[in-house]
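Participant: whatever this is, show me its structure:
(one chain, ligands or ions: 2)
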Amino acid sequence: MSTQKILVTGGAGYIGSHVVRQLGEAGYEVVVYDNCSTGVPSAVLYGELAIGDLADIESLYRTFAQNQFDTVLHFAASTLVPDSVVRPLDYYTNNSRNTLNLLRCCQAFGVNQLVFSSTAAVYGNPQENPVSESTTPLPINPYGRSKLMSEWMIRDYGLASGFRYVILRYFNVAGADPQMRIGQYNSKATHLIKVSCEAALGLRSSVSIFGSDFPTPDGTGIRDYIHVEDLAAAHIDALRYLQAGGKSEVLNCGYGRGYSVREAIAMVKEVSGVDFPVFEGERRVGDPAWVVAASERIRKVLGWHPRYDNLKAIVETAFEWEKKLCKL
Ligand SMILES: NC(=O)c1ccc[n+]([C@@H]2O[C@H](COP(=O)([O-])OP(=O)(O)OC[C@H]3O[C@@H](n4cnc5c(N)ncnc54)[C@H](O)[C@@H]3O)[C@@H](O)[C@H]2O)c1
Ligand SMILES: O=c1ccn([C@@H]2O[C@H](COP(=O)(O)OP(=O)(O)O[C@H]3O[C@H](CO)[C@@H](O)[C@H](O)[C@H]3O)[C@@H](O)[C@H]2O)c(=O)[nH]1
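Facilitator: Numbers count the residues shown, from 1 in each chain. Ligands and ions are numbered 1, 2, ... in the order given. Next up, the predicted model:
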């Protein structure tokens, strides 16, 4: 058990709320700072929820002043690739500028440890898959660039001070708490597994495949889908690593194997037993063809042991959660 106080920005959101739950179960004291733009208060199962915006620097300072944080876990962000293509300046503001606000507070209050939610989108269209952390990032959409800018700020601040960090580059996160207490609430989320589950439940009429002419075996995009529970566990591992004095790291969070859009849709059909209509459409602007994680480093550095490395298990919890949401 630990009594250290952890600040979780974006802890009312999909991934943050799973991490907050695991932090609470591990005995950490948690303060969530969230504007609830896409997150929901009821998803925060442990600790205190401070409703506030990272853009509101005075409110953020107050939260730091009222608490003595040991470490910050920074999830709050705008997260959708296609949306970032349409609203790039909003992404640079919320993801890059607001991360700077947070780093300023860390500096002002002497908080010297951070776990940051980065993304596979920093790699763009990697020349080689699985893609390793030593690959030079080359993002191809504003979302990926806004996150890479945050990574650079974090690294530069770390180099100039005693600040240590773990940057976690998540691949495609899906699934829900196996006990169905929390999951992805945001009905505007456009993630493939979520929209496919919605189609299986009749909440949408069909699913479009965004491009079937990619240079991949079946022509559709390939992603490394990771269960949100395993990703949440990686944060607890990263936190313990920093608290034990570990040096700054950048780590991929994926399983190291990819599934195509067609394979992911087929799994939702198998799990749900529903043969919903699927149409082949145009490529979506900003989408890379193939992104799969090299995952050796996180296993070695953090001792991370995933428990749900199985597309069926991911889809089963995602589908159960969507069913539950229909009844809420
Ligand atoms: N879902 C994925 O597949 C995925 C993959 C890679 C990286 N990520 C990253 O993981 C993090 C969490 O993503 P998620 O899928 O849980 O998204 P989410 O939208 O569910 O969570 C984001 C949370 O941040 C809050 N928030 C947003 N802007 C804020 C602001 N200015 N001030 C305070 N709170 C704010 C939202 O209300 C929400 O609760 C993000 O940083 C995202 O970029 C997600
Ligand atoms: O209705 C849909 C939705 C998606 N896709 C395809 O499915 C794949 C996955 O797309 P999606 O689930 O929207 O995720 P990504 O665009 O890959 O982005 C997610 O995964 C990134 C990491 O790889 C994160 O950084 C982002 O925050 C997160 O939204 C892509 O090939 C899409 O083109 C479709 O064909 N039809």
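Participant: does any part of the strand or helix carrying residue 165 sit near ligand 1?
Facilitator: Per DSSP states H and E, residue 165 falls inside strand 164-170. Yes. Counting by CB under 6 Å from any ligand atom, ligand 1 has neighbours in strand 164-170: residue 170. In this view, the C-beta of every residue, glycine as well, is placed from N, C-alpha and C.
Participant: partners of whichever helix or strand comes after that strand in the sheet?
Facilitator: Counting by DSSP H and E, the next helix or strand C-terminal to strand 164-170 is strand 172-174. Strand 172-174 has its sheet partners listed here by DSSP bridges as strand 225-227 (parallel).
Participant: right, and the helix or strand after the strand it pairs with?
Facilitator: Later in the chain than strand 225-227, the nearest helix or strand by DSSP H and E is helix 228-243.
Participant: against which helices or strands is that next one packed?
Facilitator: For helix 228-243, the helices and strands in contact under the criterion 3 or more CB pairs under 8 Å, 6 or more residues apart in numbering; DSSP states H and E are helix 14-25, strand 71-74, strand 113-119, strand 164-170, strand 172-174, strand 249-253, helix 296-302.
Participant: now those as CSV including mean pLDDT?
Facilitator: What follows is these, written out as CSV (pLDDT from 0 to 100):
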stretch, mean pLDDT
helix 14-25, 98
strand 71-74, 98
strand 113-119, 98
strand 164-170, 99
strand 172-174, 98
strand 249-253, 98
helix 296-302, 98
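Participant: so which of those is nearest residue 282?
Facilitator: Between residue 282 and the helices and strands packed on helix 228-243, the shortest separation by CB to CB is 20.5 Å, and it involves strand 172-174.
Participant: does ligand 2 sit close to that closest one?
Facilitator: Yes. Judged by CB under 6 Å from any ligand atom, strand 172-174 comes into contact with ligand 2 at residue 172.
Participant: same thing with stretch 257-274?
Facilitator: Yes. Counting by CB under 6 Å from any ligand atom, contacts between stretch 257-274 and ligand 2 involve residue 261.
Participant: run through who's touching the strand holding residue 165.
Facilitator: Under the criterion CB atoms under 8 Å, 6 or more residues apart in numbering, residues 15, 112-120, 122-123, 133, 151, 154-155, 158, 226, 231, 234-235, 238, 241-242, 246-254, 293, 298, 302 lie in contact with strand 164-170.
Participant: wait, is residue 150 part of a strand?
Facilitator: No. Residue 150: not assigned to a strand; according to DSSP: H, G, I helix; E, B strand; the rest coil it is helix.
Participant: the nearest residue to it once chain neighbours are set aside and residue 74, how far apart?
Facilitator: Leaving aside its sequence neighbours, residue 150 sits nearest to residue 99 (CB to CB, 6 or more residues apart in numbering; 4.1 Å). As for residue 99, its distance to residue 74 is 7 Å (criterion: CB to CB, to the nearest Å).
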